[in-house]
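**Student:** Only the shape, not the letters, is given here:
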């Protein structure tokens, strides 16, 4: 059985730099990230547990969205007309968000990015459960980070674990938690 | 546990319209890699393997959606399954999908996945796995997981990439492209070539044929656009899939082999750490270029064909070993009587993956 250990959310339009300064402050690479990665990074910070930064293979990072990297893709496409920007291009991948979270936290387990037509608790839960078919995975940061524009996004994430004492992970608990 | 096996496949590439045509072209040492000038409105010339856009273009669809649906249709036909059944699921693998139309259309991969499922009247939410350059491998693993998770009899896994100004200028800006044809694992390698292809596999349950035994995805947790110096994630992926298999049972490891300095060096380290120094290693990027979201599926299908024929495919472009670990790169066609192989890939975001395939009935 999978359970929900922690939940974090960031309202659309939030000032992410202000959140970073208030909650983190010691990771200048944050400023290079695109909006999706900033959101994923901040959510993963809130879900992180002590002791931190110890390499661990048993924690996966699974991120979901509809837009993928589309918002940053538009920024890169605009740069191509002048001078193609390598620093924008590396963020034109929906899975960079999982990489940024893995690097910060030394999560060496599975990292996967999925693109779905819409957020559906049933599909979300099924894909998370299937990821736990990996015998090494004991817990996972599972997030929905959908960036429609830099100031228009949906961002929340769960820390899910095998066993545990939290609420069982199912479509009702996901639906209830997200709509709180 | 029930076995997940391959029951249908297809490949559309510049070298052929079927898996067999592509396999024979690889055996003959062919490649469609050539130099393009002014293609896609890109100023700098580049070397790539591109499809003939008149061949599979469907009216009213983009070229990307056309090849995705055509590859799926051919694999579904080969497997003889009902694609409209609620017990059939679709998984799409791509990195940039319809990105060439970013100014005029909904280019999200989610929209392409919906059109894919709709083309077959399939009611299920189509899942897209977009895990950078390991997407195709990760999509095959997702297909296996969907089946084992229950509720489905068949999963159609489709991977495709078409090239565009967006992608070519991006790789040029990173200085990742070779000005000539790429040279996997070679001492004179100097970058990758981009490629186009669409490939599909239908997975189902069975006792015979090619089994997708297991797979793993692991992150280097090191850098978003450079591989780990110690091959961390690639090694850990290999270690996971080799839990129930000894190296002497493997016909070969079909590596990523992009021909960038760092990727190939990293893979050699991972192979060494995983105890696979005696296993032949080959790469297909010198034939097809880097087909991105299609690569994991395309290269797996051709590897299955090779083992079926008792062959280890050559590594086109390779002549002199140029990585620090003396891995056994196959420069020319070799023979094998082994019945299993490993497919290895790595990508941006620090992501790495390995799949283990085994021919039915073989010990592993």
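**Tutor:** It's in. Because the structure is a prediction, the values reported are computed rather than measured.
**Student:** who touches the residue nearest to residue B:174 when sequence neighbours are not counted in this structure?
**Tutor:** Among residues not flanking residue B:174 along the chain, residue A:86 sits closest, at 5.0 Å (CB to CB, 6 or more residues apart in numbering or on different chains). Every C-beta, even on glycine, is put in place using the N, C-alpha and C of the backbone. By CB atoms under 8 Å, 6 or more residues apart in numbering or on different chains, the contact list for residue A:86 reads B:170, B:173, B:174.
**Student:** What's the local residue count around the first one?
**Tutor:** Read that as residue B:170. Neighbour count for residue B:170, taken as other CB atoms under 10 Å in any protein chain shown: 27.
**Student:** helix, strand or coil for it?
**Tutor:** helix (DSSP: H, G, I helix; E, B strand; the rest coil).
**Student:** Ok, residue B:358 next?
**Tutor:** Going by three-state DSSP: residue B:358 is strand.
**Student:** hang on, the earlier thing: and the residue nearest to residue B:174, its phi and psi?
**Tutor:** phi -60, psi -30 (degrees, to the nearest 10).
**Student:** which residues of the chain score low on pLDDT?
**Tutor:** With no chain named, the answer covers chain A. Within chain A, no stretch has pLDDT under 70.
**Student:** hmm, I had chain B in mind actually
**Tutor:** In chain B (pLDDT under 70), the answer is B:1, B:361-364.
**Student:** Which secondary structure element is home to residue B:65?
**Tutor:** helix B:63-79 (DSSP states H and E).
**Student:** can you tell me the residue of chain B closest to chain A?
**Tutor:** residue B:349 (3.3 Å; CB to the nearest CB).
**Student:** For the nearest residue to that residue once chain neighbours are set aside, the count of nearby residues, please.
**Tutor:** Distances taken as CB to CB, 6+ apart place residue A:99 nearest to residue B:349, at 3.3 Å, with adjacent residues excluded. For residue A:99, the tally of surrounding residues (other CB under 10 Å) stands at 31.
**Student:** Tell me if I'm right that residue A:99 and residue B:227 touch.
**Tutor:** No. Contact criterion CB atoms under 8 Å: residue A:99 and residue B:227 do not qualify, at 11.6 Å.
**Student:** Determine the residues that are contacts of both of those two.
**Tutor:** In contact with both residue A:99 and residue B:227: residue B:350, using CB under 8 Å, 6+ apart.
**Student:** ok, now which ones touch the spatially closest residue to residue B:37 that is not a sequence neighbour?
**Tutor:** Of all residues not flanking residue B:37 in the chain, residue B:45 sits nearest, at 4.5 Å (CB to CB, 6+ apart). Contact analysis of residue B:45 by CB under 8 Å, 6+ apart lists B:35, B:36, B:37, B:38, B:179.
**Student:** Please apply the same query to residue B:319.
**Tutor:** Counted by CB under 8 Å, 6+ apart, residue B:319 has contacts B:183, B:186, B:331.
**Student:** Check the spacing between residue B:57 and residue B:65 real quick.
**Tutor:** 10 Å (CB to CB, to the nearest Å).
**Student:** These two: which has the busier surroundings?
**Tutor:** residue B:65 (21 against 15).
**Student:** which ones are touching the more buried one?
**Tutor:** B:58, B:98, B:112, B:115, B:116.
**Student:** What's the local residue count around the second one?
**Tutor:** In other words, residue B:98. Other residues close to residue B:98 by other CB under 10 Å number 24.
**Student:** Can you spell out the domain ranges of chain B, please?
**Tutor:** Following automatic domain parsing, one gets these domains for chain B: B:4-205, B:210-359.
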